[in-house]
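S.K.: any chance you could fold what I've pasted below:
(2 chains)
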Number of protein chains: 2
Amino acid sequence: MNVLIVLAHPERASFNGGLADVAADALQAQGHQVEVDDLYRQGFDPVERASFYTRREDETHFATLTEQRAHYDDNALPRDVQHELNRLDWADLVIFQFPLWWHAQPAILKGWFDRVLVYGGRYSGSMRYDHGYFRGKRAVLSVTTGSPRQAFQPLGRAGNMVEWLWPMHASLYYVGFDVLAPQVSYGIQGGGIRYQDASAFHDQLERQKDHWRARVPGLYQEASIPFTGWDDWDADGMLADHNPLRWRP
Amino acid sequence: MNVLIVLAHPERASFNGGLADVAADALQAQGHQVEVDDLYRQGFDPVERASFYTRREDETHFATLTEQRAHYDDNALPRDVQHELNRLDWADLVIFQFPLWWHAQPAILKGWFDRVLVYGGRYSGSMRYDHGYFRGKRAVLSVTTGSPRQAFQPLGRAGNMVEWLWPMHASLYYVGFDVLAPQVSYGIQGGGIRYQDASAFHDQLERQKDHWRARVPGLYQEASIPFTGWDDWDADGMLADHNPLRWRP
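M.R.: Predicted structure coming up:
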């Protein structure tokens, strides 16, 4: 199995970096191929804009999807985007490792979605959801939070973790991935960068690493999150009549 | 009233840019002060990282919240962050104008949250939610989508719009804003940048601009979205027993 670990944290010695290492080590010990895609180390630029596109389809106005599709068709995508696409084509499993900042992924990873998952090449009106480009590949989010676990329960103050991750989960399914249940490591205060200090906090962090280390080898055979698909929708894109969830006015 | 319009679109002549102009014109006609905060034009850098912090609290490891708090305390925040904070302090109402990209705000606006809403200065363990720094100020999201309205209904293929905007709405409430119902302009294909062409599409876009133009003057007196607050939670941060929504195992 080929595994790509997309890491989005400004400090490589953080707990997030440690979780990336835990996954890489566990997978390599099983004989899998692993590549760590450290967006910060590469200086990945997440701000989609006109200057990335050398041969403009529309030189007067910049329309993101127009230029993505045209440059994909001409095999003239920005070099860093093409590099990421090559890695995704190589991978059977993609692990996204990041801290939850403002209820979502850090900007550098948000822009990875904006720039890398190009219109035309990786999705279109007919190539999405369960007809998506990446179908057959797996993706999983490994997330850290500052607040403790109980705050993220469905009626907790920090909000339901399922809801915070839903935009990313839905985006990965949109391009065809089988999305696995997320790995959430709660209560990683200060980015966990002093986790080498002997303390109760150290023990807590080591336990969370142990949980991840124990889960990783089975990722390739876990059941994925169920989503609705083309067979479920009517011509208006609503859940069809035969579906028991169908809303009736 | 002082109004800040935070605009996040790579093309100023886009429909998003047009909606920013519609709001600015309507508010200025009422005698309000308006500033358009065009993140792309300013070249706002959304990637929070060590190099922004000149006097490191921890020179060995970069922990985001540690450096944000220390540099806020020392009045030594990055110049662009301080500029954004000054604008927020000035504003009574903040309008966020952006296209929905991958079920969320574009990376440049995601990083505005990551970098500008600094720990220590704009939130802390005791200064958040209905005790938040910005309480008394209003915020509203004005969003455009490529897909049509029906796809974003609760059981539609494109997903429930309320869920896509929840991470941003919750983040704005977290720092104390009164959050108004979003303005969603659906079906803006190709960024609407050719909306000047005479066509049915042009008429549709003009109607959506008219809706926004008609709503904007009343934003300062609209009821805001209700959220739970400190009085609703128990010591564990869960909805307290007296709350009828309280989950019982």
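S.K.: and A:Arg56, how many neighbours?
M.R.: Other residues near A:Arg56 number 15, with proximity taken as other Cβ atoms under 10 Å in any protein chain shown. C-beta coordinates here come from the backbone N, C-alpha and C atoms, glycine included.
S.K.: list the contacts of it.
M.R.: Contacts for A:Arg56 were tallied using Cβ atoms under 8 Å, 6 or more residues apart in numbering or on different chains; they are A:50, A:62, A:67.
S.K.: and which of these is nearest to chain B?
M.R.: Lowest distance from chain B to the contacts of A:Arg56 (Cβ to the nearest Cβ) belongs to A:Phe62, with 4.4 Å.
S.K.: and that closest one, how many neighbours does it have?
M.R.: By other Cβ under 10 Å, neighbour count at A:Phe62 equals 25.
S.K.: so A:Phe177 is in contact with A:Ala139, correct?
M.R.: Yes: in terms of Cβ atoms under 8 Å, A:Phe177 counts as a neighbour of A:Ala139; the distance is 4.1 Å.
S.K.: tell me the secondary structure for the most centrally placed residue in chain A?
M.R.: For chain A, the residue sitting closest to the mean C-alpha position, by Cα atoms, centre = their mean, is A:Phe96 at 4.6 Å. Three-state assignment for A:Phe96 (DSSP: H, G, I helix; E, B strand; the rest coil): strand.
S.K.: correct me if wrong: it contacts A:His9.
M.R.: No: A:Phe96 is beyond contact range of A:His9, at 11.3 Å (criterion: Cβ under 8 Å).
S.K.: report the buried residues of stretch A:205-221.
M.R.: Buried residues in stretch A:205-221, counted by 16 or more other Cβ atoms under 10 Å in any protein chain shown: A:205, A:208-209, A:212-213, A:215-216, A:219.
S.K.: which of those fall within helices?
M.R.: A:205, A:208-209, A:212-213, A:215 (DSSP state H).
S.K.: which one of those sits closest to chain B?
M.R.: The shortest approach to chain B among those belongs to A:Leu205, at 14.0 Å (Cβ to the nearest Cβ).
S.K.: how close does that closest one sit to A:Val143?
M.R.: Between A:Leu205 and A:Val143 the computed distance is 15 Å (Cβ to Cβ, to the nearest Å).
S.K.: swap in A:Arg79?
M.R.: Taking Cβ to Cβ as the criterion, A:Arg79 is separated from A:Val143 by 29 Å.
S.K.: so between those two, which is more surrounded?
M.R.: Neighbours of A:Arg79 and A:Val143, each counted by other Cβ under 10 Å, are more numerous for A:Val143; the result is 23 against 9.
S.K.: and that one, what element?
M.R.: Here A:Val143, judged by DSSP states H and E, is contained in strand A:138-144.
S.K.: and that strand, what does it pack against?
M.R.: Using 3 or more Cβ pairs under 8 Å, 6 or more residues apart in numbering or on different chains; DSSP states H and E as the contact criterion, the secondary-structure elements in contact with strand A:138-144 are helix A:15-29, strand A:93-99, helix A:161-174, strand A:178-179, strand A:183-185.
S.K.: partner strands of that strand and their direction?
M.R.: Based on DSSP bridges, the strands next to strand A:138-144 in the sheet, each with its direction, are strand A:93-99 (parallel), strand A:178-179 (parallel), strand A:183-185 (parallel).
S.K.: check which residues of the following helix or strand past the longest one are buried.
M.R.: Right, the one you point to is strand A:93-99. Read in the C-terminal direction, the helix or strand following strand A:93-99 is helix A:107-116, with elements assigned using DSSP H and E. Within helix A:107-116, the residues scored as buried using 16+ other Cβ under 10 Å are A:107-116.
S.K.: out of those, which comes closest to B:Arg87?
M.R.: Compare each of the buried residues of helix A:107-116 with B:Arg87 using Cβ to Cβ and the shortest gap goes to A:Ala107, at 19.1 Å.
S.K.: state the pLDDT value of the closest one.
M.R.: Taken from the predicted model, the pLDDT recorded for A:Ala107 is 98.
S.K.: does it touch A:Pro46 like I think?
M.R.: Yes: between A:Ala107 and A:Pro46 there is a contact under Cβ under 8 Å: 5.6 Å.
S.K.: which neighbours do these two have in common?
M.R.: By Cβ under 8 Å, 6+ apart, A:Ala107 and A:Pro46 have these common neighbours: B:46-47, B:107-108, B:111.
S.K.: look up phi and psi at A:Thr64.
M.R.: When quoted as degrees, to the nearest 10, the phi and psi of A:Thr64 stand at phi -50, psi -50.
S.K.: do I have it right that it meets A:Val47?
M.R.: No: taking contacts as Cβ under 8 Å, A:Thr64 lies outside contact range of A:Val47: 11.4 Å.
S.K.: now for these two: what residues contact both?
M.R.: Common neighbours of A:Thr64 and A:Val47, using Cβ under 8 Å, 6+ apart, are B:Pro10.
S.K.: any chance of the ones in helices among the buried residues of stretch A:205-221 in TSV, plus pLDDT and distance to A:Asp89?
M.R.: What follows is those, written out as TSV (pLDDT from 0 to 100; distance: Cβ to Cβ, whole Å):
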residue	pLDDT	distance to A:Asp89
A:Leu205	89	34
A:Gln208	95	32
A:Lys209	96	30
A:Trp212	98	26
A:Arg213	97	28
A:Arg215	98	26
